[in-house]
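Engineer: below are the sequence and a predicted model; questions follow.
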Amino acid sequence: KKSEFGLIGLGVMGKSLTLNLANHGVEVLAYNRQAEGEEHIVPQFLSENSDKPNLRATNQLKEFISELEIPRKIMLMVNAGAAVDAVIEDLLPSLDPGDIIIDGGNSHYHDTKRRNDYLKEKGIHFVGCGVSGGEEGALKGPSMMPGGDKEAYEKIAPYLERIAARDKNDEGCCTYIGREGAGHFVKMVHNGIEYAEMQLIAETYAMLRTAGMPIDQMAELFEDWNQGDLKSYLLEITADLLTVKDGDEYLIDLIYDAAGQKGTGGWSTTAALDVGVPFSTISESVMARCLSAQKPLRIRASRLYGERPVIERDLQTLIPKIKQAYQSARVINHAIGFEMIKKTSEENNWGINLSQLARIWTNGCIIRSSLMEELVSSFKASPEEHMLLAPSFVDLLKGSRKELTEAVSEGLQMFLSLPVYAAALNYLNGFTNEQSSANIIQAQRDYFGAHTFQRKDKPLSKYFHSQWTNK
Ligand code: NDP
């Protein structure tokens, strides 16, 4: 009997997704190339899972292709970039029109559009599907963001929706996102939001640590915050990881403080520049990782610039302030991420439904949180509106603005680097000031480059140029 669903790439994610499909009763066939030194992958995977009669695996591509039901449904879980193109080229000669390829890796959405166009010419359907949740999510239920050919999506929806995480109404955390690379696009912005959420927790840690809070108390504090409105997967794992010891020391104190990155945060920043939307919390989180990676330089600079000022902080007054600051910075970061998605969706006519998107991010993915639950209804109530104009968020931010400002300024007085907190506060201040200082920018542009400007006292359809130097 042929298999219903094929999966290529038995790496971290591919293995977990294959098992997830098998655990849901899908007749699944996996393939991994037989690279030198990696010959054991397929036999080992099979022997570890010999109790699953509906799971098969092979390292022969011909066998893989011929053993799949038609139209073939083949999901790729290989490294993003050249590997995806290479696998597509390997498959193409043996595929039939109507077959469906799903790319589940973190591919760039421009590549996904290119592959979509290329495969369409050959009669092959292509679905670019963002997958979030890491190894465990892939096994137990990831959040899935499929984009591309709608007709093809409908054929694979029963499989993806079955293996996805469940939302609170027991619906799958998987929904059709939009044409072309829309699925990979939202996965990319998801990762951008994730970068900034991670950095906010790191900055919170820095403030509390510098103010003298011991690690074990911080773990308890984060666990306590995680019981209420601030509940999120990232806060939960941080509370957990802070408790881990290596001998007498906390492991966190032994970790070399230079952050790695694989690209999606940077890609989302570039994409934000392309549509011209403010993206500062996320771009700052990418830059914070870049600066952290310059550890040797930072060591030298810290010696030259000397110690940080020792300022006594009363933790009991600081903690509630930081808690409110953290809550508001998270709201602002989400507003920035979703606004970027809305603008790009409008630009490409993708019609992305923000409420549905928030829904599939309420479980399975790395940025799941109770705030995300709130966004499902908030975007449903006003899908066209900027998130920070929703009455509940206006109330929240008005109520915590003073605390956000004080927390940032106290942290800066301790000479801490708080780029994402500061970016959130600056966004809020910029967003809520009717009169910005951009009149100066416009005047400067016109002065040196005759770029013209509009006037508040004249119709905006008219552009003016002034002879600035004719005093
Ligand atoms: P791994 O490195 O664990 O696995 C990569 C797989 O791709 C291996 O099976 C590898 O085969 C195969 N492969 C690579 N190049 C080729 C090729 N040219 N032809 C055939 N097969 C190839 O990666 P992950 O499973 O971690 O990631 C896969 C994708 O999923 C990436 O795009 C990643 O960004 C994305 N992703 C990863 C997440 C994670 O938490 N790890 C979360 C969400 C998405 P071989 O063993 O023979 O080298």
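Structural biologist: Sure thing, it's come through. What you see is a predicted model, and the numbers here were worked out from it, not measured in a lab.

Engineer: helix, strand or coil for residue 34?
Structural biologist: Here residue 34 is recorded as coil under DSSP: H, G, I helix; E, B strand; the rest coil.

Engineer: start at 279, not 1
Structural biologist: Right, with 279 as the first residue, what we last looked at is residue 312.

Engineer: show the contacting residues for it.
Structural biologist: Residues near residue 312 by Cβ atoms under 8 Å, 6 or more residues apart in numbering: 320, 337. Heads up, the C-betas are built off the backbone N, CA and C, glycines and all.

Engineer: ok, now residue 728?
Structural biologist: Residues near residue 728 by Cβ under 8 Å, 6+ apart: residue 743.

Engineer: what residues of stretch 594-601 count as buried?
Structural biologist: Within stretch 594-601, the residues that count as buried by 16 or more other Cβ atoms under 10 Å are 596-597, 599-601.

Engineer: tell me the residues of this structure that contact the ligand?
Structural biologist: Residues of the chain lying near the ligand by Cβ under 6 Å from any ligand atom: 287-292, 310-311, 313, 316, 319, 355-358, 361, 364-365, 383-384, 409-410, 412-413.

Engineer: just the buried subset of those, please.
Structural biologist: 287-288, 291-292, 310-311, 319, 355-358, 361, 365, 383-384, 409-410.

Engineer: what kind of secondary structure is the residue in the stretch 629-749 of the chain positioned nearest to the ligand in?
Structural biologist: Minimum separation of the stretch 629-749 of the chain from the ligand (Cβ to the nearest ligand atom) falls at residue 644, amounting to 8.5 Å. In three-state terms, and counting by three-state DSSP, residue 644 is coil.

Engineer: does it touch residue 410 like I think?
Structural biologist: Yes - taking contacts as Cβ atoms under 8 Å, residue 644 lies within contact range of residue 410: 5.7 Å.

Engineer: overlap in contacts of these two?
Structural biologist: Contacts common to residue 644 and residue 410, judged by Cβ under 8 Å, 6+ apart, are residue 468.

Engineer: circling back: which of the residues of the chain next to the ligand fall in strands?
Structural biologist: When DSSP state E is applied, the residues of the chain next to the ligand are split such that 409-410 fall in strands.

Engineer: low-confidence ranges, the protein, go.
Structural biologist: The chain contains residues with pLDDT under 70 at 748-749.

Engineer: just want the most central residue of it.
Structural biologist: Closest to where the C-alpha atoms of the chain average out (Cα atoms, centre = their mean) is residue 469, at 1.6 Å.

Engineer: ok, now which ones touch that residue?
Structural biologist: 384, 410, 542-543, 546.

Engineer: repeat that with 10 Å
Structural biologist: Applying Cβ atoms under 10 Å, 6 or more residues apart in numbering to residue 469 gives the contacts 384, 408, 410, 539-546, 560, 615, 643-645.

Engineer: what does residue 660 give?
Structural biologist: 632-633, 667-669 are the contacts of residue 660 under Cβ under 10 Å, 6+ apart.

Engineer: just the buried ones out of these, please.
Structural biologist: For those, a neighbour count by 16+ other Cβ under 10 Å gives the buried set as 632, 668.

Engineer: among the contacts of residue 660, which lie within helices?
Structural biologist: 632-633, 669 (DSSP state H).

Engineer: let's have these in CSV, adding distance to residue 658.
Structural biologist: Below are those laid out as CSV (distance: Cβ to Cβ, whole Å):
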residue, distance to residue 658
632, 9
633, 4
669, 14
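
Engineer: among the buried ones among the residues of the chain next to the ligand, name the ones in helices.
Structural biologist: Counted as lying in helices by DSSP H, out of those, are 291-292, 319, 361, 365.

Engineer: kindly indicate which of those residues lies nearest residue 575.
Structural biologist: Taking Cβ to Cβ as the measure, residue 575 sits nearest to residue 361 out of these, at 33.7 Å.

Engineer: next, count neighbours for the closest residue to residue 524 other than its chain neighbours.
Structural biologist: Ranked by Cβ to Cβ, 6 or more residues apart in numbering and with sequence neighbours excluded, the top spatial neighbour of residue 524 is residue 532, at 6.0 Å. By other Cβ atoms under 10 Å, 10 other residues sit near residue 532.

Engineer: need the contact list for residue 532.
Structural biologist: 523-525.

Engineer: residue 698 now?
Structural biologist: By Cβ under 10 Å, 6+ apart, the neighbours of residue 698 are 473-482, 558-563, 565-566, 607-608, 610-611.

Engineer: pull out the buried residues from the helix or strand residue 495 falls within.
Structural biologist: Here residue 495, judged by DSSP states H and E, is contained in helix 493-503. Neighbour counts over helix 493-503 (16+ other Cβ under 10 Å) mark 493, 496-497, 499-501, 503 as buried.
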